[in-house]
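Asker: Quick one: sequence plus predicted model below, questions after.
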Amino acid sequence: MSDFGVLLVGAGGVGALHLTAVARHSQARLVGVCDVDADRARAAARRVGDDVRSSASLDDALGWSNVHGVIVCTPNDTHVEVGLSVLESGSHLLLEKPIAIDLDGAEALIETAAKAERILMPGHTYRFSDLGLAVRDAVCQGTIGRPMFARTSLLAGWIWGDWSSWVLDPTRSGGHVVHNGVHGLDLVTWWLDDEPVEAFARGHRGTSVNLQIDDHFHIVVRYGNGSLAIVEVGRATRPQTIVDRETIVVGDRGVVRHGVQDGGGLLHTERGTVPLGYDAQLSFDRQLAAWVEAADTGRPAVTGEDSRRALAVALAAQRSIITGQPSMVES
Amino acid sequence: MTLASQVPLPVAFCGERPGSALSIALRAAASAGEIVLRPPGPVQAVVVGADDPDPVATTAAAIDARRPVLVESPTAIAAEAIESFTSGAVEGGVSVWAALRFRFETSLGWLGDCVRAGSLGLTWGTFAEATWIDSSAPIDVAIDLIDAIERATGLRPLACRAVHGEAALVASMAMTHGAIGLVSVSPRPGPRAEGGGESVELRVTGSHGTVVADLAGPTMRRTTWAGLVSSARLGDDGWARLVTAFADAVRGDRNHGLADLSTAGGLATLLTGTSSDRFGGRA
């Protein structure tokens, strides 16, 4: 599609990364920005150009002409309602992860997209990172043989500002295991190419015991063919930025691993330590390109079913943290 | 480390695999004149190798003969037998140790110093991982790693759930002071090749950063806290220090940090019990 008109819904932090990706794409063009905060929508639109529209009304924005696709990066508990509106309006949908905070919502989106014959591509951006792609390539090329164990660990600092952040409210975010856990869960499942069966998890509230989410947790996933995976996420360490990031996939003929010191070294600033060679914007650029391409081919790089699967594991993990017992993944 | 006495210690090594790390360490000690392996006369101590065809009988015989014993693979001996051995050894005044060697690695000692000095702030997470290792008994390695976590952090596992996959053993632990811990062991399938990517690491995370100790030789350390990153190469002498400690302990009848077999048995129970997650602590 030579001119792919894009509407951005949700002009918060991650919205800026999406806007940059649109600006960098040769065929995508930003039509407008929608946010419940009209001033924030207007400011985001003005940063791109005077001809970019803005609105606080989703219904109005979906009625604008030349909108072919909508990027939704609103709080997690609104994904289903906003996503359904987008699909029913006839636009393709790039939806920030998690696809929903419950399985019913995820399935409603998948069914609606199929009926409307529109692309639903959840934003599992980590798949488009250098790390995600390199490991997947190693697996697909048979470099390590059949993958049987995968681990991804991300230990970093607090990123949610003050206590009013919606992410800290599990009724809005689904909890940290859902909000950020789906990133790693999608990655390891993608790499192992297997069906998750059971999850066991433990959580920890490092920043404050008064938190309602576990800002530090690990999940152990058992797969149908005997593979195992570990997803470990921490957002409780000082300094704010990443202090450790590791990935390892073990196959029957080799191992692929990536550590915080790989890919360009480390950058130390006042705000903390950042691994070089990790370009988050590049992941968003690739993701947007894959979505625009899918509008033509009908084949999204990440499907609604992929995202539902990651959510199902995250929900099982959340149950496990509460009960202290392993929990089956709802298929 | 020098031996307490320069007179070689007569030791019987009971096992069939000459290439095991412990047997190599013992041979090195023998070549240095510190230990006499398979002496013609009475032995003073017994080492039960991981591949001893009947480790229970060997250990029992050694205890009956009132000879100190070092057991390489604690899981080769059932928990009931370990209890029996422990009580029998106590009655006979005999020491029975498990060859938990990570506690003798230089990098582990350094990591423990970091934790005790408060460099990490509050300690709330630990992770030990052995990948692509040449081992037919991943649970023995896991026991060694949990012991290393305890030694370095002072945290103790209160509950554990272990999952055995096709290629890995993974144990998730709830630990004292609200911390959580993970151990994963992924043995390499098939024969080991040179430069195959083996790694053994222990990471401790606290409120102000992480420290990582490499427990495979040559051992490394890596620190990331408060924005500071550093790494350094340390020694690779865990096995040698273990054997030396064993020899010293036998000679001097004092313990230089060796693990009692019951300690390893307790960790084995933690890992192997089908209801291990309900394990509420251990003696």
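Answerer: Cool, got the structure. Numbering: from 1, shown residues only, chains lettered A, B, ... in the order given.

Asker: Counting by contacts, list what the one helix or strand B:V204 maps to packs against.
Answerer: If you go by DSSP states H and E, B:V204 is part of strand B:199-206. Secondary-structure packing of strand B:199-206 (3 or more Cβ pairs under 8 Å, 6 or more residues apart in numbering or on different chains; DSSP states H and E): helix B:106-116, strand B:123-133, helix B:138-153, strand B:209-214. The C-beta positions use only the backbone N, C-alpha and C, and glycine is treated the same way.

Asker: and A:E107, what pLDDT?
Answerer: A:E107 carries a pLDDT value of 98.

Asker: Could you verify my assumption that it touches A:S307?
Answerer: No - look at A:E107 against A:S307 with Cβ atoms under 8 Å: they stay out of range, at 11.0 Å.

Asker: Of those two, give the one with the bigger neighbour count.
Answerer: Using other Cβ atoms under 10 Å in any protein chain shown, the more surrounded residue of A:E107 and A:S307 is A:S307, with 25 against 16.

Asker: any idea how far that one lies from A:G123?
Answerer: Taking Cβ to Cβ, to the nearest Å as the measure, A:S307 falls 9 Å from A:G123.

Asker: ditto for A:D50
Answerer: Noted for A:D50: a distance of 28 Å to A:G123, by Cβ to Cβ.

Asker: of those two, who's got more company?
Answerer: The neighbour comparison of A:D50 against A:G123 (other Cβ under 10 Å) goes to A:G123, with 27 against 6.

Asker: Give the closest residue to that one in space, chain neighbours not counted.
Answerer: A:E96 (4.5 Å; Cβ to Cβ, 6 or more residues apart in numbering or on different chains).

Asker: cool, B:A99 as well?
Answerer: Using Cβ to Cβ, 6+ apart, the nearest residue to B:A99 is B:E72, at 4.6 Å.

Asker: which residues touch B:M173?
Answerer: Residues near B:M173 by Cβ atoms under 8 Å, 6 or more residues apart in numbering or on different chains: A:R202, B:I146, B:P157, B:L158, B:A159, B:C160, B:I180, B:G181, B:L182, B:V183, B:L270.

Asker: The first one should be in a strand, yeah?
Answerer: Yes - with DSSP: H, G, I helix; E, B strand; the rest coil as the criterion, A:R202 is assigned to a strand.

Asker: picking that back up, can you pull the residues that touch both of A:S307 and A:G123?
Answerer: By Cβ under 8 Å, 6+ apart, the residues touching both A:S307 and A:G123 are A:K97.

Asker: Can you give me the pLDDT of B:R116?
Answerer: At B:R116, pLDDT is 92.

Asker: Please disregard the earlier target; I meant A:V82.
Answerer: Confidence score, pLDDT, at A:V82: 98.

Asker: That one: helix or strand, and which one exactly?
Answerer: According to DSSP H and E, A:V82 maps onto helix A:79-88.

Asker: quick one: whichever helix or strand comes after that helix to helix A:79-88, angle?
Answerer: Remark: after helix A:79-88, the chain's next helix or strand is strand A:92-96, criterion DSSP H and E. Here strand A:92-96 points in a direction 160 degrees away from that of helix A:79-88 (axes from the mean of the first three to the mean of the last three Cα atoms, to 10 degrees).

Asker: Strand A:92-96: partners in the sheet, and parallel or antiparallel?
Answerer: In the sheet, strand A:92-96 lines up against strand A:69-72 (parallel), strand A:120-123 (parallel) (DSSP bridges).

Asker: Identify each buried residue in the last one, please.
Answerer: The reference is to strand A:120-123. A:L120, A:M121, A:P122, A:G123 (16 or more other Cβ atoms under 10 Å in any protein chain shown).

Asker: Return the residues in contact with the last one.
Answerer: Taking Cβ under 8 Å, 6+ apart, we find A:G123 in contact with A:C73, A:L94, A:L95, A:E96, A:K97, A:Q287, A:V302.

Asker: Thought A:G13 was touching the fourth one, still the case?
Answerer: No - using Cβ under 8 Å, A:E96 is not in contact with A:G13, being 10.9 Å away.
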